[in-house]
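Asks: sharing a model that was predicted from the sequence below.
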Amino acid sequence: MPLVANSSLPALAALAEEGGTVIPGDLALHQDIRELHIGLLNMMPDTALAATERQFLRLIGESNQIAQFYVHPFTLDGLPRGPQAAEHIARYYESFADIRRDGLDALIITGANVTQPDLALEPFWEPLIEVIDWAFTNVTSTLCSCLATHAVLQFRYGQQRHPLGDKRWGVFAHRVVDTRHPLVMGVNTRFDVPHSRWNDVSRAQFEAAGLRVLVESTTAGVHLAVSEDGLRLVFLQGHPEYDTVSLLKEYKREVLLYACGERPDYPPFPQRYLTAQLQAVLTEHGERVTAACAGGGPQPEFPETLIVPGLDNTWHDTGEAILNNWMGKVYQITDMDRRRPFMPGVDPEDPIGLRGPAGR
């Protein structure tokens with residue numbers, strides 16, 4: 001149900017303008033509706049910081065559980081920030097110290113840009129481990145997106161991601177491979193998910209770590225997996241939170257890098273994302289860009305207004321359904337009065353009853 005505007009974060013106002021259910025914090029205090037407090041560890045670079053807030057807040061707000069969702073954004077020291085992003089964080093984000101003191105019911109950790117071949121060499125490595133270790137024993141469930149999934153697989157399970165060679169980029173068909181798990185109940189058995197990454201953790205690695213794979217693609221690999229107990233850690237390699245235009249924005253950025261001489265080759269199209277007609281428009285634009293580079297003339301304007309109306313979103317509904325299932329399980333088993341991961345009587349080794357009749 002509703003997101004609570006417990007701060008003046010601009011993403012909350014933007015979602016309200018879209019028609020999302022966002023209620024003022026003072027009104028929430030007078031409603032007899034159960035609260036869920038969700039942390040959003042946003043590690044994305046400056047250019048994607050606000051968009052990532054909106055994407056995950058939208059998914060949370062569209063979850064139809066009977067609860068009021070308080071979202072607490074925070075980030076990590078060690079991530080490089082420009083003045084504008086630093087001001088945004090100082091104004092609207094909370095500190096990890098405050099979040100650790102007050103507690104959370106669930107936590108979402110975004111991806112991040114990396115510069116080192118080994119994640120352990122990244123400046124955010126130690127602070128990220130501190131957050132995840134705390135959440136593992138103090139938060140009912142942590143959802144790890146993309147880079148966060150790779151980091152947890154490396155430091156907690158000893159499974160290091162491997163480079164793909166080429167970027168795995170586009171919208172890929174997936175299939176539910178474990179239909180009994182509550183996170184995929186009521187979800188289409190086949191659906192699309194966007195991916196955008198240079199590295200991969202294989203199904204064999206997930207299984208070697210004792211993890212349970214729920215959704216995968218024959219082309220893109222594992223999308224959704226969970227920890228041994230079925231809920232404490234949820235792993236994503238794809239990006240169900242992406243907007244319809246997210247991959248187009250990435251493609252436009254790559255075209256601009258090529259035009260500036262910072263990319264040697266013209267970028268390929270994201271797979272299964274653009275119709276033949278849209279590809280023809282962008283091919284023509286690419287020829288004009290290449291000609292301008294060769295002749296030293298001005299660069300043509302990217303034809304975004306021609307492309308956007310023809311884009312389809314074939315992943316959002318399923319991403320919303322899975323997040324809804326996730327929030328529902330957190331709602332059911334979290335001890336709200338004591339802000340502890342599980343209510344009395346819930347088996348911490350099997351909090352969602354996978355070993356019961358439904359899980360056999």
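Replies: Great, that's in hand.
Asks: okay, Ala28: pLDDT?
Replies: For Ala28, the model assigns a pLDDT of 43.
Asks: chain center to the helix or strand in which His37 is found, what's the gap?
Replies: In the assignment (DSSP states H and E), His37 maps to strand 35-41. Relative to the centre of its chain, strand 35-41 is centred 14 Å away, using Cα atoms, centre = their mean, to the nearest Å.
Asks: name the helices or strands packed onto that strand?
Replies: Under the contact criterion of 3 or more Cβ pairs under 8 Å, 6 or more residues apart in numbering; DSSP states H and E, strand 35-41 touches helix 46-61, strand 68-74, strand 106-109, helix 316-333. Every residue, glycine included, has its C-beta placed from N, CA and C.
Asks: doesn't His223 lie inside a strand?
Replies: Yes. His223: assigned to a strand according to DSSP: H, G, I helix; E, B strand; the rest coil.
Asks: wait, it touches His174, no?
Replies: Yes. Contact criterion Cβ atoms under 8 Å: His223 and His174 qualify, at 5.3 Å.
Asks: shared neighbours, these two?
Replies: When Cβ atoms under 8 Å, 6 or more residues apart in numbering defines a contact, the residues bordering His223 and His174 alike are 193, 215-217, 238.
Asks: tell me the one of those residues nearest Glu126?
Replies: Distance ranking of the shared contacts of His223 and His174 against Glu126, using Cβ to Cβ, places Gly238 first at 27.1 Å.
Asks: tally of neighbours for the nearest residue to Leu183 once chain neighbours are set aside?
Replies: With sequence-adjacent residues excluded and distances taken as Cβ to Cβ, 6 or more residues apart in numbering, Leu183 is closest to Asn325, at 4.9 Å. Neighbours of Asn325 under the rule other Cβ atoms under 10 Å: 19.
Asks: from Val222, how far off is Asn325?
Replies: Here the criterion is Cβ to Cβ, to the nearest Å. By it, Asn325 lies 18 Å from Val222.
Asks: and Gly328, by the same measure?
Replies: Counting by Cβ to Cβ, the gap from Gly328 to Val222 is 23 Å.
Asks: what about these two, which has more around it?
Replies: Between Gly328 and Val222, counted using other Cβ under 10 Å, the more crowded position is Val222 (26 against 18).
Asks: next, the contact list for that one, please.
Replies: Counting by Cβ under 8 Å, 6+ apart, Val222 has contacts 201-203, 206, 213, 215-216, 235, 237.
Asks: save those as JSON lines, and put in neighbour count, distance to Leu153 and secondary structure too.
Replies: Output for those, formatted as JSON lines (neighbours: other Cβ atoms under 10 Å; distance: Cβ to Cβ, whole Å; DSSP: H, G, I helix; E, B strand; the rest coil):
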{"residue": "Val201", "neighbour count": "24", "distance to Leu153": "5", "secondary structure": "coil"}
{"residue": "Ser202", "neighbour count": "14", "distance to Leu153": "10", "secondary structure": "coil"}
{"residue": "Arg203", "neighbour count": "15", "distance to Leu153": "12", "secondary structure": "helix"}
{"residue": "Phe206", "neighbour count": "23", "distance to Leu153": "8", "secondary structure": "helix"}
{"residue": "Val213", "neighbour count": "18", "distance to Leu153": "12", "secondary structure": "strand"}
{"residue": "Val215", "neighbour count": "26", "distance to Leu153": "16", "secondary structure": "strand"}
{"residue": "Glu216", "neighbour count": "22", "distance to Leu153": "15", "secondary structure": "strand"}
{"residue": "Phe235", "neighbour count": "27", "distance to Leu153": "7", "secondary structure": "strand"}
{"residue": "Gln237", "neighbour count": "30", "distance to Leu153": "10", "secondary structure": "coil"}
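Asks: for those residues, which one is nearest Leu282?
Replies: Leu282 lies nearest to Gln237 out of the contacts of Val222, by Cβ to Cβ, at 26.5 Å.
Asks: so that closest one makes contact with Pro194?
Replies: No. Counting by Cβ under 8 Å, Gln237 does not reach Pro194; the two are 10.8 Å apart.
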